[in-house]
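In: Need the 3D shape of this:
(chains A, B, C and D)
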Amino acid sequence: MTGIIIDRIGEKLVRRLAGHTSRRGILSRLGLALAAAPVFPVLPVSRAQAQGKPDRGDRARTHFTMNSQTTDDTKCDYWRYCGVDGNLCACCGGGTHQCPAGATASTTSWVGTCINPDDNKTYLIAYRDCCGKPGCGQCHCDNEDRDTQLYVPQTNNDIIWCFGLDNMQYHCSTAALVGAVQ
Amino acid sequence: MTGIIIDRIGEKLVRRLAGHTSRRGILSRLGLALAAAPVFPVLPVSRAQAQGKPDRGDRARTHFTMNSQTTDDTKCDYWRYCGVDGNLCACCGGGTHQCPAGATASTTSWVGTCINPDDNKTYLIAYRDCCGKPGCGQCHCDNEDRDTQLYVPQTNNDIIWCFGLDNMQYHCSTAALVGAVQ
Amino acid sequence: MLSAKTVFQVTALAALAASSPAIAQTNGIASPLQRVSPTGAVTIPQAEIPSVGTLGPVQPHWVFVNRGNGQDGTRIFDGDSGKMKGMVNMYGQDSFAFDPLGKNFYVAQTIWSKLDRGTRQDSLLAYDVHSLKLVAEVSIPGRMLIGNRTHNLVITSDGKKALIYNMQPSSSVNVVDLEKNAFEQKIELPGCATMFTNTINGFSALCSNGTLATVAMEGGKPSITRSAPFFSATEDPIFDTSIVDSKTGKATMLSYSGLITPVTLGATPKIDASWSIQQAAFMRKGTYTPMDVNWMPGGRQPIAVHHATGRIYVLMHMGEYWSEYEPAGEIWVLNGNTHRLIARHALSGELKDKLVNIAVSQDSNFQVYASDGSGNTFVLDNQTLEKKQKMENSGGGILYTVQP
Amino acid sequence: MLSAKTVFQVTALAALAASSPAIAQTNGIASPLQRVSPTGAVTIPQAEIPSVGTLGPVQPHWVFVNRGNGQDGTRIFDGDSGKMKGMVNMYGQDSFAFDPLGKNFYVAQTIWSKLDRGTRQDSLLAYDVHSLKLVAEVSIPGRMLIGNRTHNLVITSDGKKALIYNMQPSSSVNVVDLEKNAFEQKIELPGCATMFTNTINGFSALCSNGTLATVAMEGGKPSITRSAPFFSATEDPIFDTSIVDSKTGKATMLSYSGLITPVTLGATPKIDASWSIQQAAFMRKGTYTPMDVNWMPGGRQPIAVHHATGRIYVLMHMGEYWSEYEPAGEIWVLNGNTHRLIARHALSGELKDKLVNIAVSQDSNFQVYASDGSGNTFVLDNQTLEKKQKMENSGGGILYTVQP
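Out: Numbering: from 1, shown residues only, chains lettered A, B, ... in the order given. You can find the predicted model right below:
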């Protein structure tokens, strides 16, 4: 079940946002890495692995998700930000999935798996950086859920996720809702 | 007498540091603006003006000079720094008249007139910026004695005094002793 | 301690779950719950598409905070909400100016092709006020590198010319034609700087010999006329962040010692007698002589004027001469028309002995803005000077508000 | 108040005047008094000539603090005096590395020809260790943009090759020949990153499938071999600021949960059994599972190793899983040879719950360095962990010390 739903989301996203990309690449048990084809790092995470270990809600129960809220997206503890490291675009003139004026939205992102305390379900969040402007400097958050190291880039929140853009200066980070995991 | 001494110092400096430059330009009643010829801003300050109003010691008695010391050149209240705005090169790996390694010494400077409390005499100080490196960030001072506005540049300490250098990035400021005023 | 907190939260979550739809609506933030089907089964939410916003019309209560204190960019804050609206890309000693025609934000920029080496590039940049995208870039032959100045990049009141101050090697002004987006000419300006736009096609500037130079730019050859000396550029300088109302050409010049000289700019500037803000406050006139303590104006941007009412706000501190950059212990409010003191406001808490920049909005229900140069910008009530908003990490430089 | 202070000072000055020659000598700072003629008449002092200094030989007690917290440049501080010695120009996500041959400081840099627009330029830069002047610049086809990493620019132990990590579009390593100052080749490194130099002409890297990839660079074609999986890259990642002694190839790999895996790098890496630092401290082994609280390692640079003694210093905090960046409440000292705890040190005052970076010097009388990521770097005693020096405005990034 999990697998199927994720696949459907995955395909929607792949079509809508990413063009074609490796089926092996789009899915990891930590969620989806959304990316424009030429930039997306293909990683050896097999479909079987992913289906074998669905991302159950209990795995998502972290100190962050147990303390998060759904009412103010300009605070670091807003539920979608469980994996955010950086300035919240919602505090920089943008929104949870909108870049501030003059910035460029990244075509790539890292991914978080956050619990929405309203329905206690787990959702995939795509963290896209907004690029090409000096650091916004407002609402700096350094949340850590599932943040991996550089050798697992799709869930690393230190990377400047501005691949392939004219300028990769970091301005702020968004947190777009991708879909439900369970 | 004052005029004569200043002139002699002036000529030494002009020869040693600045090559030829306008005689009208080198002297203002606030002191000397030391500069490489093509860069030095010629200002309408007449020799007569300067001689007419020598920079007497009592004019140099400011809140800074009444509170300055001569023992620690890494402190903002060191006597030479009466007109310094910026990071002290003495705290950045350099000295009172030495740039830190890798920096470029400016050929131009603004000028201060500071009292040395050891002999209670007034001295001309040439503040040269060290350039071409990111801001040192150590020992930031913002002393104000005789700091004029932009339309009197030779005694303005906000100007980036790196004229004519390959790169004008500001690193730190030195305070070279020029000579006695009285 | 952590686990205790967690237990509490788990309970709290149960409560949340019940009332969640209401909560999910608040703040206008979409929640997946809004996509629950009538049957109660959670359907797969549509993924949100990334987008880029645009800036609404510039508001009188927006304060533009120039870069500094380790932060690049000029941040735009809404003084009513204290929220950041956007940013204009700026670096180092870049200068900022509004467009009288309201189409662009202008930046005079100096960069090197390899950041700290390579080829120097001086240019005037135009950013669209809505998209904040770079819409024009005009190369210019040099500009002055100095921070915290308000009169080194000015736009003529008709919005057709950008004037960029330069000192390479002597004082001059580089003129950019904003209709052709092309460099037009270099005007020599020996011994003068700090450009104030006037109501004619030209500008005036303060000079080291205490005069005001006025440059008329009609026709090909610019003509320069000079006023009689009216201040001492070395004994009692006029702050080069002094104020001009580009609509009327009325300038308010403030000197280190606390003298205000009203000047009406134009083809032939009218320079009125100066008056002492200390005398207006029933005090001994400020003198700029050794060992004499008084209340003195100070800061990087020590004066603001609300043009419609003529109210003058000055950052004041107790000091001797050469204390021109000291932060303020009080804000004085004066009437620029009657030359009378309206009020003195002692600053307290995080405002005391911190403020070095002040500005006001130009609408009728105007706000006062002040900053400490260390990243904190405050919105103050124009009557009580009470703190209304605090913006942190806002940048450390000059404060700009749009003219009506 | 001001005037009172002044009066006092004037008196003080009289005293100073008498004893001034002595005072003038202190601190080795020349005073004009030293130029008073025998007659007592003040002669005109020679004006001081401006000069530029050079850096002495790199000392073991110098700590190199990478840029950050709004400050550019990597600052060099003497841990004994706490004084700044100099700066290596660095910006944004530039990477730093020492030269095993001691000639240069290496920087991998990415800039644009117009700062925030124009042409991207990736290069390896060499700065002379004495003059700090740029002595070589090699253009490379791209590099990874990420801050706070120690293994994205590494120099092979023979000092002949610079390895720069890239991810454009897939993982690869750009190799620069440091003898020819020329780009040599691009080595594909799918699914791996975080390069550790080994004792052969090559390097090893951590991979997303929990293996260690080893690249031999002898001859033209690089060959890649992979170890068996020995950790979970997603369940319990190894910090990519883990430590290697490039002299011996002995690596100390620390995981989020507090497991240390000793690895001896080489043609065929020897991966020893991992041990738990919590168990070494007589505690329950750290698990990385929900709702389980324990002492955990954390920070951007959470581990330091003194190679000669095998002493391991780890920044520790109380937390649940996914608290890998939390600042430290304690510093734990462990023996890397016996896998035993030597001491736990509770941090207090300005060190408590602030430290996110730690490093040690490699001399016998070694120092511990730690920083809070907000500009403060501290020198600590290697036994008592007491604060010996505090360097403010030092930068916010990674701490580097030279290897012996």
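
In: any idea which helix or strand carries the closest residue to chain B within chain A?
Out: Using C-beta to the nearest C-beta, residue A:134 is the residue of chain A that sits closest to chain B, at 15.3 Å. All C-beta atoms are positioned from the backbone trio N, CA, C, and that covers glycine. Assigned by DSSP states H and E, residue A:134 belongs to no helix or strand.

In: so what's it scoring on pLDDT?
Out: If you check residue A:134, the pLDDT there is 97.

In: same check, this time on residue C:11
Out: Reported pLDDT for residue C:11: 24.

In: Next: residue A:180.
Out: Confidence for residue A:180, expressed as pLDDT, is 88.

In: Can you give me the neighbour number for it?
Out: For residue A:180, the count of nearby residues is 21 (other C-beta atoms under 10 Å in any protein chain shown).

In: was I right about it contacting residue A:115?
Out: No. In terms of C-beta atoms under 8 Å, residue A:180 does not count as a neighbour of residue A:115; the distance is 10.9 Å.

In: so what sits against both of the two?
Out: A:121, A:122, A:123 (C-beta atoms under 8 Å, 6 or more residues apart in numbering or on different chains).

In: ok, and which of those reach chain C?
Out: A:121, A:123 (C-beta under 8 Å from any C-beta of the partner chain).

In: Whichever of the shared contacts of residue A:180 and residue A:115 end up buried, select them in PyMOL.
Out: Listed next is the PyMOL selection for buried residues among these, using 16 or more other C-beta atoms under 10 Å in any protein chain shown:
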select buried, chain A and resi 121+122+123
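
In: any chance of the shared contacts of residue A:180 and residue A:115 in CSV, plus secondary structure and pLDDT?
Out: Below are those laid out as CSV (DSSP: H, G, I helix; E, B strand; the rest coil; pLDDT from 0 to 100):
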residue, secondary structure, pLDDT
A:121, strand, 91
A:122, strand, 92
A:123, strand, 92
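
In: want to try CSV for the shared contacts of residue A:180 and residue A:115, with distance to residue C:264 as columns?
Out: Below are the shared contacts of residue A:180 and residue A:115 laid out as CSV (distance: C-beta to C-beta, whole Å):
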residue, distance to residue C:264
A:121, 69
A:122, 68
A:123, 64
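
In: Quick check: pLDDT value at residue 163.
Out: Going with chain A. 93.

In: that's the other chain; I wanted chain C
Out: pLDDT, residue C:163: 97.

In: residues near residue 155, how many?
Out: Assuming you mean chain A. For residue A:155, the number of neighbouring residues by other C-beta under 10 Å comes to 25.

In: Can you look at chain C instead?
Out: 21.

In: ok now do residue C:230, which residues does it touch?
Out: For residue C:230, the contact set (C-beta under 8 Å, 6+ apart) comprises C:210, C:211, C:212, C:261, C:271, C:274.

In: Now do the same contact list for the residue of the stretch 251-400 of chain C at minimum distance from chain A.
Out: Of all residues in the stretch 251-400 of chain C, residue C:393 sits closest to chain A, at 4.2 Å by C-beta to the nearest C-beta. Residue C:393 is in contact with A:137, A:138, C:71, C:375, counting by C-beta under 8 Å, 6+ apart.

In: mind checking how far it is from residue C:376?
Out: Residue C:393 sits 8 Å away from residue C:376, going by C-beta to C-beta, to the nearest Å.

In: got it, and residue C:131?
Out: Note on residue C:131: its distance to residue C:376, by C-beta to C-beta, is 29 Å.

In: Residue C:230 too?
Out: To residue C:376, residue C:230 is 37 Å away according to C-beta to C-beta.

In: Equivalent analysis for residue C:123, please.
Out: Counting by C-beta to C-beta, the gap from residue C:123 to residue C:376 is 31 Å.
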